[in-house]
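[1] Sequence first, then the predicted structure:
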Amino acid sequence: MKKTEPDTQSGEGAASGESATRLIDAKIASLADWRGKALATVRALIRQADPDVVEEVKWRGVPVWSHAGMICTGETYKLAVKLTFAKGAALPDPAGLFNSSLDGNTRRAIDIHEGEQLDATAFKALIRAAVAINTAPKPKRTNI
């Protein structure tokens, strides 16, 4: 059985702020199985870890959480809820939550499958670390 990939054309269906929150609410409600519950749980943990998080919807309905840059996306597939961290390769992951997209130089992902529980404490630490990277002062470029 082939899993369907999300459409990744940037800009299509993009929404931010309150409209994005409503779109994510609707997406969660439309997933009347374990995936909706998993996405709702992840969303709640993200909001707990970073009360200033900005919710967006991009790429034809993919929830995106940002704070001074993208933190992660929340894609839903038939067999998994995939949380892709934009700068995951730079994040400490002592609990070993990252279990997908491990070969890339930038991104890392967490695939949650039916019946699996996410370590809430470790996940919130990843969110906080991603925010810290996004908000860290950028090194000044020197012209030599």
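    Now that the structure is in, tell me what you want to look at. In this text, all values refer to a predicted model and were calculated from it rather than measured experimentally.
[2] where along the protein do the helices fall?
    18-30, 34-49, 120-135 (DSSP state H).
[3] can I get those helices in a markdown table with mean pLDDT?
    Below are the helices of the chain laid out as a markdown table (pLDDT from 0 to 100):
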| stretch | mean pLDDT |
| --- | --- |
| helix 18-30 | 92 |
| helix 34-49 | 98 |
| helix 120-135 | 98 |
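[4] So for Gly74, which of these sits nearest?
    helix 34-49 (5.6 Å; Cβ to Cβ). Using the backbone N, CA and C atoms, a C-beta is placed for each residue, glycine as well.
[5] between the closest one and helix 18-30, how many degrees?
    Relative orientation of helix 34-49 versus helix 18-30 (axes from the mean of the first three to the mean of the last three Cα atoms, to 10 degrees): 140 degrees.
[6] Let's see helix 34-49 as CSV, backbone CA atoms only.
    The C-alpha coordinates for helix 34-49 follow below in CSV (Å, rounded to 0.1, in the frame of the first residue of the first chain):
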residue,chain,number,x,y,z
TRP,A,34,-6.1,8.1,16.3
ARG,A,35,-4.3,10.6,14.0
GLY,A,36,-6.6,13.5,15.1
LYS,A,37,-6.0,12.7,18.7
ALA,A,38,-2.2,12.5,18.1
LEU,A,39,-2.1,15.8,16.2
ALA,A,40,-4.2,17.5,19.0
THR,A,41,-1.9,16.1,21.6
VAL,A,42,1.2,17.3,19.8
ARG,A,43,-0.4,20.7,19.3
ALA,A,44,-1.1,21.0,23.0
LEU,A,45,2.4,20.1,23.9
ILE,A,46,3.8,22.7,21.5
ARG,A,47,1.6,25.4,23.0
GLN,A,48,2.7,24.4,26.5
ALA,A,49,6.4,24.4,25.5
